[in-house]
Every structure is written in C-alpha cells, then in structure tokens.
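In: Sequence and computational prediction follow.
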Amino acid sequence: MITIRRSTERGHADHGWLDTRHTFSFADYYDPEHMGFRALRVINEDRVKPSMGFGTHPHRDMEIISYVIEGALEHRDSMGNGTVIRPGEVQRMSAGTGITHSEFNHSADEPVHFLQIWLLPNAKGITPSYEQTYFPDEEKRGRLRLVASPDGRNGSVTIHQDAFLYDARLDSGEEVAHPLTQGRHAWVQVVKGSVDLNGHTLHESDGAAVSAEDEVRISAKTGTEVLVFDLG
C-alpha cells in the first residue's frame, strides 16, 4: 500500500526569515491525519534567508537529523559542538535528557535550504549526543547509501531507533530497489527530481508511506535525489 503526501498538501508557514513546509503536524500546523509515520515524527522543509536563523532553543527525547540541500547551516549546542553543515553531510543530534542549540545562516546573500527530520527515540532519558558525517556523492550514485542506522554500520550516523535512512542520487532511467521484510514499512521523500515509486509518480518534495509491500522500487524519471526510511 502506497499513501502519497503531495508537497502542495503540506502545512506551510512563512515567518519572513523562514519559509517552512511541514509534512506532519508541527508547531501551529495541526492535522490529526498527519501526525507522523511509525517512528518518523517530523519532516520540515526549511528555507532560511541570509544572515538569519533559529535562536537558541531546547529539545528533549527526540532524534533530530539535519540534511542540507543547498547552502551552509551553522550549528551550536549546549554540548559544546560548533560546526557548519553543508550538502552531503548528515547531522544527528540525540536530545535525550535535554539540550539547547541554535542553527544560523551566516551567508550575506545565499539562503539555506534543508530538511529537519525528527524521529521518536526507542527510550527516554538517554544521554544527549551529537554526530556529523560527510557522505560523498559518488557513494550514492545509482545506489541507496546507508547514512543513518541503529548500529552505525557502514559509517552511518547512529540513531536510537529501529530505523534506517538511505540516500540515493539517480540519473534519469536509473532504478534502485530496497526489500522490505515482513512487518517493516518505508517512507520515501523526494528531495529533487521525479520518480516512479512502485507504479506511482512522485515529484520534488513529495513523500509517500509504504506498507504491506515486498520492496521499495524507485525509478528515476529525471535526475533525482531521494531519501528512503526503513522503519519498524
């Protein structure tokens, strides 16, 4: 079963400095039919204007992944981390017992375009932690590259949940497939381009929940960047 979440149907807020689209209920956007999917709770597509950003704010008991599409996002947190996230990098922050952090676009003329992804952790009250890893494009071309997992296998960042995140770059006509064992589900998020997902067309920023299917089969209709979540 494929349930499509079109980009045009998402929640939207324009704060001037921030233009954000919400796949699932978030902040002032509430939709009881879209509260998340399995452990996946938030996918926000954010565009931050130059010299603007998110001031210091708290989180707890959440696995937070930042995935930059364009631009550069500076990160600072109460654990002492100070980094810049760029395309190709995946940042994972486990909020656990509580952290504060800020995210800022220091460019004077270039916006930042990124995905803010939250997953519910498999336990509350864990020790906060942080990780950031670069995954070269050549490792994702024509294949699904594991970038986040519960055990950090193959150099992926480690998340505290039974969830695996894959990233792929496909040329037009290329196809990848990911098997789904019994009882597992998937979420597919198209970052760029258009794809055929198990016979359904998805365009840029569309997402889809996949359940009761033997596999996720993605065929690129154009040059494509796509994320696949394998979820318990």
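Out: Happy to help now that I have it. Numbering: from 1, shown residues only.

In: And the most far-flung residue of the chain relative to its centre, what's its pLDDT?
Out: Residue farthest from the centre of the chain, counting by Cα atoms, centre = their mean, is A108 at 25.8 Å. Confidence at A108, expressed as pLDDT, is 87.

In: tell me the contacts of it?
Out: Applying Cβ atoms under 8 Å, 6 or more residues apart in numbering to A108 gives the contacts P50, S51. C-beta here means a position set from N, CA and C on the backbone, and glycine is covered the same way.

In: What helix or strand is it located in?
Out: In the assignment (DSSP states H and E), A108 maps to no helix and no strand.

In: ok, so what distance separates it from F37?
Out: Taking Cβ to Cβ, to the nearest Å as the measure, A108 falls 38 Å from F37.

In: S149 too?
Out: From S149 to F37 the distance is 18 Å (Cβ to Cβ).

In: Repeat that for G53.
Out: 28 Å.

In: Those two: who's more crowded?
Out: Of the pair G53 and F37, F37 is the one with more neighbours under other Cβ atoms under 10 Å, namely 22 against 18.

In: Hmm, the more buried one is touching S211, no?
Out: No. When contacts are counted by Cβ atoms under 8 Å, F37 is not listed as touching S211 (9.0 Å).

In: Name the residues contacting each of these two.
Out: What both F37 and S211 touch, as defined by Cβ under 8 Å, 6+ apart, is the set H185.

In: What's the per-residue pLDDT of the nearest residue to E103 once chain neighbours are set aside here?
Out: Among residues not flanking E103 along the chain, F54 sits closest, at 4.5 Å (Cβ to Cβ, 6 or more residues apart in numbering). On the pLDDT scale, F54 is placed at 84.

In: Export the helix or strand F54 falls within to PDB, keeping only CA atoms.
Out: Here F54 sits within strand 53-59, counting by DSSP H and E. Extracted in PDB, the C-alpha atoms of strand 53-59 (Å, rounded to 0.1, in the frame of the first residue of the first chain):
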ATOM      1  CA  GLY A  53      18.400  31.600  11.800                       C
ATOM      2  CA  PHE A  54      16.900  29.700  14.700                       C
ATOM      3  CA  GLY A  55      17.900  31.200  18.100                       C
ATOM      4  CA  THR A  56      18.900  29.000  21.000                       C
ATOM      5  CA  HIS A  57      16.000  26.700  22.000                       C
ATOM      6  CA  PRO A  58      15.600  23.500  23.900                       C
ATOM      7  CA  HIS A  59      14.800  19.900  22.900                       C
END
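
In: so Q161, which of the three states?
Out: Here Q161 is recorded as coil under DSSP: H, G, I helix; E, B strand; the rest coil.

In: residues in contact with the spatially most central residue of the chain?
Out: Compute the mean C-alpha point of the chain, and by Cα atoms, centre = their mean the closest residue is I117, 4.3 Å away. With contact taken as Cβ under 8 Å, 6+ apart, I117 is in contact with L40, V42, I43, N44, I64, I65, S66, Y67.

In: host element of it?
Out: With DSSP H and E as the test, I117 turns up in strand 112-119.

In: Show me how far the helix or strand following that strand is from its chain's centre.
Out: Per DSSP H and E, the first helix or strand lying C-terminal to strand 112-119 is strand 129-134. From the chain centre to the centre of strand 129-134 is a distance of 14 Å (Cα atoms, centre = their mean, to the nearest Å).
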